[in-house]
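Asker: Sequence and predicted structure below; questions after.
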Amino acid sequence: MASWRDAILREFPPGISRLTLVADPDGLLVEEGVLQGVRERSYELIPFEDHVAFRYAYESRFRSRWDRGESTDLVVVLRAARDDLSSLPYDLLKAGRKLSFNLGGLFPNLSYPVVAALGQEHLDALYRAQEAHIPGVQGENATKDFVLRHVFEMAPELVRTPSDLLRDLLRRHYRRQHVPSLLDERVMSVLRQSDAFRDWPLEKIVPDPTAFFAFLQERWPVFLDRVAAGGIAVREDAPAYGMEFEGPVDIPFDHDDVRVFIDTLFVDGILKPVAHAGAGALAGKWVSVGIARGAVDSARRRLEALVRKLPGALPGPEAHHADWFRFAYLWAECRALAFDLGHGDREGAGGDLRSVAPRVAESFGRWVDARYHGLHNHPAIPPVMLHHVPRFLASLMARGDDTRIALVVMDGLALDQWIAIRRVLVDQIHGARFDEDAVLAWVPTITSVCRQALFAGRPPLYLPDSIHRTDHDQALWRQFWSNAGLDGYAAEFLMVAGDGPPGHVDERASDPRLKALGIVVEKVDRIMHGMELGAAGMHNQVRQWASEGFLAELLRMLLDRGFHVYVTSDHGNVEVVGCGQPREGATADSRGQRARVYPDEGLRSQVCSAFDGAREWPSTGLPEGYFPLIAPEGRAFAPDGLRTVAHGGASMEELIVPFVRVTRRGP
């Protein structure tokens, strides 16, 4: 079947023009599949977002090459509300061919505001539905209903019972589908016409997966009481269960359309088993999956079930980045469970986990080769890479003058270590909720590259003077927010070790003028660089540090001060084995265990030839004269046979890092 991408890619035959200007108000040209197709046709893309930054990249990376007689095809992408190119510099307008793409041209019969609200990952399903059903011109509500039915498999007019509603929300929220708010409003408007949902907290549980699963969690003990009582329904005036959410107390977990999800929710850790007085009598029933038992037995059973899911859940090289983010969390959950168990307790499922690891690494590597190198041009909302995060936070800030943002960067934290920390924080912060997503770090995954890109809100390409340093984060953070319209008192950057009470952070956070606070917590990185016990030892030490309470106190304080709190990491880490050290003398600019950086391509190639499986990393998005060499998969530039925990490479554990919104109910 034809793809909507075909209409765009046919405009990019190889060699047609060295400069192409594209008006792209809907970001179609930077969709992952389109980006891959354009790159395969030997075009390079550069966004026009900031005049100064663009001119630097254009003159240094392209004009200079053309002046030397080199051949390269450049596409300048303008994302602006208008579908024209008039805001581009005159010298570009004079020299380049001009194109324009928009959603209205791809979906002419559907309401543009509705289609424009969709994430790009949904355009394939919408295009297939349009081709198959050929709708006539649709108004706004008709387009909403068409999109809900054919993209999200939701037909709110057919939802008549609580089990219907739970089935639809379980399917949607388990898949972590992002449904635009205007479609959620349509769903809730239709549902409100039925008396069956008059007392349901639709405004909370329809749009928010975290709230929906919390709604289920606090009703699970009520359902267990009903099962233990032989199916006698719990009365609405039963003793209080301490529920946050209004609505029905007893919901039909045992309906066939709902029950099919329950095992998976408990196995995945989305719902938590609870203690119950009737556990013995319920042991043989299906509900036992949600009843707490011995910690070791529960962890072993969960690990075995999750490991069985891995092969079927593994995305391919053409997958959307969100699919890899979801898989990375599944993989990290398996690793965290394996580390929690002692060696003997985890040996069975842990062995299966190790056996599938090469397949995971190979598949992820193919995806990185196919898709990663274009993602830095992806729209920043929602963020996909680290340098998108400040622009995403700025979009939140723009919603109201009283918005305060706190970004907590855990230096060197991998996803499995975040899971260990999150489990501790749940017990330490009453009512804590964690809306978990992920972003991609930059390669090489070293601090001087990743953290500067994060705090600058720009690709490393624009940071040539400080690319080998780690002391410019504060200046870059303040400069970003100054450009976003905040004065000098409104943005602050702090480095904290992660020991003792965070009193000095509280002192600064108490200033009512402060709007954007960036905090780097150094503890995890320090643990990693002193680690001699491999990934398991790293996991245990990070968990032990979290239990000491510094991070919980920091997050509580920020929430108390009214901040919107986000937690992320500049890069992850991975356990590797030494394969020998390059002997390049003083010629390398950076000598990490997972990555070396050279000022010359020839020198890099010479060193690469001595290490089978080492990779000469492309310079896309990196400064001129910056040539990384990545160690072979699972190996390190360290003494042969030495087992260590390091970062710098492009493995999934190093590259996909947590991006988590922290909220809390109650005091």
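Answerer: That came through fine. Note that the structure is predicted; figures quoted are calculated from it, not measured.
Asker: low-confidence ranges in the stretch 351-500 of the chain?
Answerer: Counting by pLDDT under 70, the ranges of the stretch 351-500 of the chain that qualify are 351, 401.
Asker: could you pull out the strands for it?
Answerer: Taking DSSP state E, counting those that start in this stretch, the strands of the stretch 351-500 of the chain run over residues 405-410, 432-440, 491-496.
Asker: Quickly compare those and say which is most buried.
Answerer: strand 405-410 (a mean of 24; mean count of other CB atoms under 10 Å). C-beta: built from backbone N, CA, C; applies to glycine.
Asker: ok, it: who's next to it in the sheet?
Answerer: Partner strands for strand 405-410, per DSSP bridges, with pairing direction: strand 516-521 (parallel), strand 564-568 (parallel).
Asker: okay, those strands in a markdown table with mean pLDDT next?
Answerer: Formatted as a markdown table, those follow (pLDDT from 0 to 100):
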| stretch | mean pLDDT |
| --- | --- |
| strand 516-521 | 97 |
| strand 564-568 | 97 |
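Asker: And these: which comes nearest Glu203?
Answerer: Closest approach to Glu203 among the strands paired with strand 405-410 is made by strand 564-568 (19.5 Å; CB to CB).
Asker: The following helix or strand past the closest one - which strands sit beside it in the sheet, and in what orientation?
Answerer: Downstream of strand 564-568, the next assigned helix or strand under DSSP states H and E is strand 574-578. Partner strands for strand 574-578, per DSSP bridges, with pairing direction: strand 635-636 (parallel), strand 643-646 (antiparallel).
Asker: now the ones you listed as JSON lines including distance to Leu78 and mean neighbour count?
Answerer: Output for the strands paired with strand 574-578, formatted as JSON lines (distance: least, CB to CB, whole Å; neighbours: other CB atoms under 10 Å):
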{"stretch": "strand 635-636", "distance to Leu78": "43", "mean neighbour count": "24"}
{"stretch": "strand 643-646", "distance to Leu78": "41", "mean neighbour count": "22"}
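Asker: So for Asp67, which of the strands of the stretch 351-500 of the chain sits nearest?
Answerer: strand 432-440 (33.5 Å).
Asker: returning to what we had before: adding distance to Val449 and mean pLDDT, write the strands paired with strand 574-578 out as TSV.
Answerer: Converted to TSV, the strands paired with strand 574-578 look like this (distance: least, CB to CB, whole Å; pLDDT from 0 to 100):
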stretch	distance to Val449	mean pLDDT
strand 635-636	18	94
strand 643-646	15	93
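Asker: so what's His539 closest to, chain neighbours aside?
Answerer: Distances taken as CB to CB, 6 or more residues apart in numbering place Phe339 nearest to His539, at 3.9 Å, with adjacent residues excluded.
Asker: And the residue nearest to Leu555 when sequence neighbours are not counted, how far from Val389?
Answerer: Spatial nearest neighbour of Leu555, chain neighbours left out: Val662 (5.6 Å); criterion: CB to CB, 6+ apart. Per CB to CB, to the nearest Å, Val662 is found 15 Å from Val389.
Asker: Same question for His178.
Answerer: To Val389, His178 is 17 Å away according to CB to CB.
Asker: Please apply the same query to Val449.
Answerer: From Val449 to Val389 the distance is 15 Å (CB to CB).
Asker: and what of Val287?
Answerer: Distance of Val287 to Val389, computed by CB to CB: 41 Å.
Asker: Looking only at neighbour counts, state which of His178 and Val389 leads.
Answerer: Val389 (23 against 15; other CB atoms under 10 Å).
Asker: mind listing what that one touches?
Answerer: Going by CB atoms under 8 Å, 6 or more residues apart in numbering, Val389 touches 380, 383, 407, 439, 454, 457, 566, 568, 659.
Asker: most neighbours, which of those residues?
Answerer: Sorting the contacts of Val389 by how many neighbours each has (other CB under 10 Å) puts Leu454 first, at 30 neighbours.
Asker: I figured that residue was touching Met385, is that so?
Answerer: No - counting by CB atoms under 8 Å, Leu454 sits too far from Met385 to count as a contact (9.1 Å).
Asker: Please work out how many residues are found near the closest residue to Arg404 other than its chain neighbours.
Answerer: In space, Arg404 comes closest to Phe563 once its chain neighbours are excluded; the distance is 4.6 Å by CB to CB, 6+ apart. Counted with other CB under 10 Å, residues neighbouring Phe563 total 22.
Asker: Let me see the ranges of the helices in the stretch 201-350 of the chain.
Answerer: Listed in chain order, the helices of the stretch 201-350 of the chain (DSSP state H, counting those that start in this stretch) span 202-205, 209-228, 256-267, 279-282, 295-313, 321-340, 343-371.
Asker: Can you add distance to Pro156 and give those helices back as TSV?
Answerer: Listed next are those as TSV, based on distance: least, CB to CB, whole Å:
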stretch	distance to Pro156
helix 202-205	10
helix 209-228	16
helix 256-267	16
helix 279-282	35
helix 295-313	29
helix 321-340	24
helix 343-371	34
